[in-house]
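**Q** need a 3D model of the sequence below.
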Amino acid sequence: MNSFTVRMAQWSARHPWRAVVGWVVFVVVCLGVGSAVGTHSATTADYRVGEAGRAEAMAAEGLLERRSAEQVLISSRSGALDRGAADAAARDLAARMRRLPEVADVAAPQLSRDRSILMVEVSLKGEERDAKDKVDALVAQTEAVAKAYPGLLLEETGSPSISKGVDQQRSDDLALSEKITLPITLVTLLVVFGSVTMAAVPLLLALSSIAAAVGLSMVVSHLSPDAGVGTNVILMIGLAVGVDYTLFYLKREREERARSGGRLSSEALVELAAATSGRTVVVSGLAVVASTATLYLASDVIFSSLATGTIVVVLVAVASSLTVLPALLVKLGQRQERSARRRAERGKPARRERGEGAGRVWAALLRPASRHPLATLCVSVLALLALVTPLAGLKITEMSRDTHSRDIPAMRVYDRLNEAFPEHRVTHQVVVRADAARAGEVADALREVARRAGDDPLFAGASSVRTSADRRISTLELKVPYLGDSEQAYDSLDHLRDGYLPATVGRVAGAEFGVSGDVARYTDYPAHQNSKLPLVLGALLLVTFAMTTYAFRSVMLGLIGVGLNLLSAAASLGLLVLVFQGSWAEGLLDFHSTGSIGSRVPLFLFVILFGLSMDYQVFVVSRIREAVVAGVPTRQAVLEGIHRSASVVTSAAVVMTTVFVSFVFLHIIEMKQIGFVLAAAVLLDAFVVRIMILPSAMLLLGEASWWPGRPGRRAATSARTADARPVVDVR
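**A** Just a heads-up that it's a prediction; the model follows:
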């Protein structure tokens, strides 16, 4: 791998302008091709899991699936509702809606119990996932009727309107996130390098990598459909790893330049950086890719989309570090060399390069581990275990529509709809598939279900039984007057699945049945994830162990890597439970607690954190291993390696944390949780695991850290290979 990274750097260093132009062309082509082919979005069928998914598939087979619907509320702007004007507005609205090609049906107007609101429900044609793209046409008609009746207030809501509002809010939030992240990242890099030019390089490469990845993800979406979260994760992970990988490479080049004292050419310095940090970048990138790929085992379109976006942007970031970055470093180095010569000709002293030391601050931070490794290890591990304890109360749920921010206008109208028409809060759809000859038995059984539900206070009414044209599929809709995230809504689903259906439809020979609807989805999705969790985590642990063992040829370090990643991930998740399942931090972080954690958050945390932690693990241990290969005793090598890498790891952690913290300012509760837990995980990993626990463990293990071998024994062989350290030009 060293020879590969060195050869890439050599070519780039010798042909810098070709490398730069080639990278720009690559980014433009990726964006151009991506824009040309477009994004293949996931369909409704791609989201189906569990019993709810099977029921939806059966209903679609019989063309009896529930249609997306919009509700228009007609009320008075002041005083009591004028029924005459309201009825006229409803008729005008219905006539306008029926003329739209997007509309499948307009239901008869319904009056609320307090007679203050008239509601018109409009059903849309086509797939549920496409409905939000058709909302604008309906809203235009609603606004036209509102202008014709100035004394009335017409407001529109529904799943399509809410989805469109959420998408717009997410777009606005991401723009805010970028405004927060980019300046802070630039300031951090300025502190690290003390140069605007050097600070701009990691940021520009990260942004160009994100642009290329966005284009490539559009192409890849035709193989693995995009669930609408690909761009989010590309921005989040792309900026974090893009800056990190460039930072690792840049800092090593700066260190080698300071060490050489002007004796080595810029090309030689780049080759040295490629042989060391270049290898680190490749191993780290492959580790993130391998770890993230385990998300595909979850058999879920959203996780697959997250995995695809992460893998694409990480590979592009690695490519940028290996190709265009050496070219930029050579050009910047040559400019610096010319500046140094001019200063020397003028008799001015040469500017001092920032060395490889981390200063007195890091020496102080490492002092506990170096002087009292056992005590430091015990205290640090116990502190993280204390953060793990809240996991005992972990409650995982699917974040429902009711959790969306009320800053979305459609959500405020949705609240009014639920208050005025409680029977519209939740609808269960019972779907039955049986032989056509048994359609009568199925219909009788479904009517018995409706009768039993009518005597149950958890239900508020039922529709008539509908049967498909081939008489094989039958459906029944049951109303529930409780919010979708309420205990009563979940209890009503249990009554259906565990009681009413087995006792009625279950007695029809050969009948296959299920319940779909929002509450059914909210129930089945977490159950699906929980069933896949052991498989994904098992694969993740195996991949992490294999990658770490391969990188350092040490089984012991592989075991340590797995253990530390598990500990930091569990501690971060415990901290998330402590903050988000309670209400004490609501005002501080601007959220409304649901008393639970989003079902996607834990699995996403484990997979992404395991991958990102490998960045620090590989970078830090690589520095230690370099010293051991050179014949330095393990104890000294541990302290020296961590001391040298501390500032880089910390800078990288600050950049990553800034990126993730910016997502805490988003309105979507699940994105808040993901941003918070990843930020917490990175900080714990960088400041506790890598500064306290890892050095303490390696100091206590000593030579056993490299079991079953020891790098020093291969020092002679390594010295004879060109891969270990490239030949350089000495001036």
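**Q** so what strands line up beside whichever strand or helix holds Ile74?
**A** Counting by DSSP states H and E, the element that carries Ile74 is strand 69-76. Sheet pairing here is set by DSSP bridges, and for strand 69-76 it gives strand 117-124 (antiparallel), strand 152-158 (antiparallel).
**Q** just put those in TSV and tack on mean neighbour count.
**A** In this view, the C-beta of every residue, glycine as well, is placed from N, C-alpha and C. Putting the strands paired with strand 69-76 into TSV (neighbours: other CB atoms under 10 Å) gives the following:
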stretch	mean neighbour count
strand 117-124	22
strand 152-158	21
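**Q** for the strand holding Ile74, buried residues please.
**A** Ala69, Glu70, Gln71, Val72, Leu73, Ile74, Ser75 (16 or more other CB atoms under 10 Å).
**Q** nearest to Val316, of those?
**A** Val316 lies nearest to Glu70 out of the buried residues of strand 69-76, by CB to CB, at 40.1 Å.
**Q** what is the mean pLDDT for stretch 194-204?
**A** Stretch 194-204 carries an average pLDDT of 83.
**Q** low-confidence ranges, the protein, go.
**A** The chain contains residues with pLDDT under 70 at 1-2, 340-341, 343-359, 710-731.
**Q** which secondary structure element contains the residue positioned nearest the centre of it?
**A** In the chain, the centroid-proximal residue (CA atoms, centre = their mean) is Val233; its distance is 4.8 Å. If you go by DSSP H and E, Val233 is part of helix 230-260.
**Q** what helices and strands are in contact with that helix?
**A** helix 159-193, helix 196-220, helix 266-273, helix 279-293, helix 301-322, helix 324-345, helix 601-629, helix 634-662 (3 or more CB pairs under 8 Å, 6 or more residues apart in numbering; DSSP states H and E).
**Q** off-centre distance for it?
**A** Taking CA atoms, centre = their mean, to the nearest Å, one finds the center of helix 230-260 at 20 Å from the center of the full chain.
**Q** buried residues in it?
**A** 230-257, 260.
**Q** so which residues of the stretch 351-500 of the chain form helices?
**A** 359-371, 373-388, 409-420, 439-454, 487-494 (DSSP state H, counting those that start in this stretch).
**Q** of those, which is nearest Gln529?
**A** The nearest among those, by CB to CB, is helix 487-494 at 16.9 Å.
**Q** now the angle from that closest one to helix 439-454?
**A** Calculated by axes from the mean of the first three to the mean of the last three CA atoms, to 10 degrees, helix 487-494 forms an angle of 150 degrees with helix 439-454.
**Q** for the helix or strand that helix 487-494 is followed by, buried residues please.
**A** Once the chain leaves helix 487-494, the next helix or strand it forms, by DSSP H and E, is helix 501-503. Under the neighbour-count criterion of 16+ other CB under 10 Å, helix 501-503 has Leu501 buried.
**Q** swap in stretch 309-320?
**A** Gly309, Thr310, Ile311, Val312, Val313, Val314, Leu315, Val316, Ala317, Val318, Ala319, Ser320.
**Q** could you export those residues as a markdown table, including distance to Leu138?
**A** A markdown table is the format used below for those (distance: CB to CB, whole Å):
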| residue | distance to Leu138 |
| --- | --- |
| Gly309 | 32 |
| Thr310 | 36 |
| Ile311 | 38 |
| Val312 | 36 |
| Val313 | 36 |
| Val314 | 41 |
| Leu315 | 42 |
| Val316 | 40 |
| Ala317 | 42 |
| Val318 | 46 |
| Ala319 | 45 |
| Ser320 | 45 |
